[in-house]
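Peer 1: Here's my sequence, what's the structure:
(chains A, B, C and D)
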2 protein chains.
Amino acid sequence: MENNLILKNISKHISLSDAETSYFLSLLKEKKIQKKELIVKHQQTCKHINFVVTGILRAFYLDASGKESTIMFAVSDWWITDMYCFINEKPAMLNIEALEESLVLQLSKDHLDELYSKVPKFERFFRIMMQNAYIREQLRTIENLSLPAEERYYNFLNKYPLAAERVTQKQIASYLGITPEFLSIIKTNRQKTNYS
Amino acid sequence: MENNLILKNISKHISLSDAETSYFLSLLKEKKIQKKELIVKHQQTCKHINFVVTGILRAFYLDASGKESTIMFAVSDWWITDMYCFINEKPAMLNIEALEESLVLQLSKDHLDELYSKVPKFERFFRIMMQNAYIREQLRTIENLSLPAEERYYNFLNKYPLAAERVTQKQIASYLGITPEFLSIIKTNRQKTNYS
DNA sequence: CGTCTATTTGAATGTACTCAAAAGCGGTGG
DNA sequence: CCACCGCTTTTGAGTACATTCAAATAGACG
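Peer 2: Numbers count the residues shown, from 1 in each chain, chains lettered A, B, ... in the order given. Predicted coordinates for the structure are as follows:
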């Protein structure tokens, strides 16, 4: 049953009564996403926060020149949305696509606001979630500033092994901020024997 | 009176009764910090979250080779700490120093936990604060991945004009992830007339 | 005034990119 | 079932962005 996973995720930080549990579940909408389908599109509205039950999603920024920058991958048990646009109800900055056929549970902004007022302990849950997201993002900034591409690559493999084995090298390169060509060189380690 | 500033900051997101206000204020500790003094030191405990009343602070990571990476600057009306270590009660990863003589209001982890249980709407306040911090950090990641150093520099000047005019170029360079020498070149724009 | 650190400048180098072409791989239709 | 198409990955040559190291200059502060 797919609801077990999200309830277990919630219970890491707060405890719900049976009534609260069923109320919370009533706010969720199941959505099946086909491979390559976008659930958030740049410039369009982003009304939901998504909990991944199965599959894998990717959030990425697309600049004017067509270059993609991958912001995050989300596998089973992760939450994903374009947070800026979800919170501020602005057009989306990011795109979010399914890399495989996926199943997500969607919570709309309106339902979330209702949830905060009816079950205030969800403020705590999302406070902790945002805290963790902030800390993760800050650690990524430190890595981006202080480490060369090769070390960032190995760190990525260690931190996100589940994502790493299911995405293409081009996508990993765009997460690391390098070109696919250069990631290919890193992998074969040819740069160490450059001019022998 | 320095408490007005923090109360105004809090009131952006939640409303407090008089009793809650005075209880909240009773948990704060004023601390004056001399220029160049560290309030958080790598490997030591980080017990407080700090609200800047006056002055300017800088959080930075120092790697094994001695290279500094500036994580954030905090001016008046900003909050700053080593969030990972504050939340998880681990030894600090970062250093936080005053760049000028500064006055901060400190809230300890124990007091914050007490505050969450006695005045639960502070969960909401910090949820929103963490949300904003996460979004800011994510935008920075996008810039780091997609923009060259020169554009990141101009974006920094636009976003943080108050910090930019009060810190050294070396510190700005370490925020951008480049060397001070290269920032110097960017500023004079000599790279545009490189080989005339 | 002297000392210490920040900033500028330059030369040589390294890291990562662009563009182009070839090889590999996966899916689809005949 | 295999041939072909499109996309990813690899490889290489040439180039650009950014670094290192060193030295000169400029600023800040006691």
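Peer 1: Only C-alpha atoms from now on, for both contacts and neighbour counts.
Peer 2: Fine.
Peer 1: Show me the domain layout of chain A.
Peer 2: Structural domains annotated on chain A: A:3-146, A:148-196, as defined by automatic domain parsing.
Peer 1: Compare those and give me the one nearest residue B:83.
Peer 2: For the domains of chain A, distance to residue B:83 was read as CA to CA. The smallest value, 6.6 Å, belongs to domain A:3-146.
Peer 1: show me where chain A has strands.
Peer 2: Remark: strands assigned in chain A by DSSP state E are A:29-33, A:38-40, A:48-54, A:56-62, A:68-75, A:79-80, A:95-98, A:102-108.
Peer 1: Can you check which of those strands gets nearest to residue B:140?
Peer 2: Counting by CA to CA, residue B:140 lies closest to strand A:68-75 out of these; the figure is 10.6 Å.
Peer 1: and the gap between residue A:161 and residue A:79?
Peer 2: Noted for residue A:161: a distance of 17 Å to residue A:79, by CA to CA, to the nearest Å.
Peer 1: out of those two, which sits in the busier spot?
Peer 2: residue A:79 (21 against 11; other CA atoms under 10 Å in any protein chain shown).
Peer 1: Run a quick neighbour tally on the residue lying closest to that one once chain neighbours are set aside.
Peer 2: Excluding the flanking residues, the one nearest residue A:79 by CA to CA, 6 or more residues apart in numbering or on different chains is residue A:51, at 4.4 Å. Residue A:51: 24 surrounding residues under other CA under 10 Å.
Peer 1: same check, this time on residue A:158
Peer 2: 11.
Peer 1: Over to the one 5 residues further on?
Peer 2: Using other CA under 10 Å, residue A:163 is surrounded by 20 other residues.
Peer 1: Can you give me every residue that contacts it?
Peer 2: Residues counted as contacts of residue A:163 (CA atoms under 8 Å, 6 or more residues apart in numbering or on different chains) are A:56, A:73, A:74, A:75.
Peer 1: Tell me how far the residue lying closest to the second one once chain neighbours are set aside lies from residue A:116.
Peer 2: Spatial nearest neighbour of residue A:73, chain neighbours left out: residue A:58 (4.5 Å); criterion: CA to CA, 6+ apart. Taking CA to CA as the measure, residue A:58 falls 27 Å from residue A:116.
Peer 1: Next up, the contacts around the closest residue to residue A:46 other than its chain neighbours.
Peer 2: Once flanking residues are discounted, residue A:46 sits nearest to residue A:86: 5.4 Å by CA to CA, 6+ apart. Contacts for residue A:86 (CA under 8 Å, 6+ apart) come out as A:45, A:46, A:47, A:48, A:49, A:92, A:109.
Peer 1: how about a cut-off of 7 Å?
Peer 2: Residue A:86 makes contact with A:46, A:47, A:48, A:109, according to CA atoms under 7 Å, 6 or more residues apart in numbering or on different chains.
Peer 1: Quick check: the farthest pair among the residues you listed?
Peer 2: Most distant of the contacts of residue A:86, by CA to CA, are A:46 and A:109, 9.0 Å apart.
Peer 1: Mind checking which of those two has more residues around it?
Peer 2: Neighbour count, other CA under 10 Å: between residue A:46 and residue A:109, residue A:46 has more, with 27 against 17.
Peer 1: Show me what from chain A comes close to DNA strand D.
Peer 2: Within reach of DNA strand D by CA under 7 Å from any atom of the strand, chain A has these residues: A:168, A:169, A:170, A:171, A:180, A:181, A:182, A:183, A:184, A:185, A:187, A:188.
Peer 1: Got phi/psi on the first one?
Peer 2: Backbone torsions of residue A:168, given as degrees, to the nearest 10, read phi -80, psi 160.
Peer 1: and stretch A:34-52, C-alpha only, in PDB?
Peer 2: Extracted C-alpha coordinates of stretch A:34-52, given in PDB (Å, rounded to 0.1, in the frame of the first residue of the first chain):
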ATOM      1  CA  GLN A  34       5.100   8.600 -17.700                       C
ATOM      2  CA  LYS A  35       8.800   8.500 -18.400                       C
ATOM      3  CA  LYS A  36       9.900  11.900 -19.900                       C
ATOM      4  CA  GLU A  37       6.600  13.600 -18.800                       C
ATOM      5  CA  LEU A  38       7.000  17.000 -17.000                       C
ATOM      6  CA  ILE A  39       5.000  17.600 -13.900                       C
ATOM      7  CA  VAL A  40       6.300  21.200 -13.500                       C
ATOM      8  CA  LYS A  41       7.000  23.300 -16.600                       C
ATOM      9  CA  HIS A  42       9.000  26.500 -16.700                       C
ATOM     10  CA  GLN A  43       6.700  29.600 -16.600                       C
ATOM     11  CA  GLN A  44       3.600  27.600 -15.700                       C
ATOM     12  CA  THR A  45       2.100  27.400 -12.200                       C
ATOM     13  CA  CYS A  46       3.500  25.000  -9.700                       C
ATOM     14  CA  LYS A  47       0.700  24.100  -7.400                       C
ATOM     15  CA  HIS A  48       1.900  20.900  -5.600                       C
ATOM     16  CA  ILE A  49       4.600  19.500  -3.500                       C
ATOM     17  CA  ASN A  50       5.200  15.900  -4.500                       C
ATOM     18  CA  PHE A  51       6.200  12.900  -2.500                       C
ATOM     19  CA  VAL A  52       7.800  10.200  -4.600                       C
END
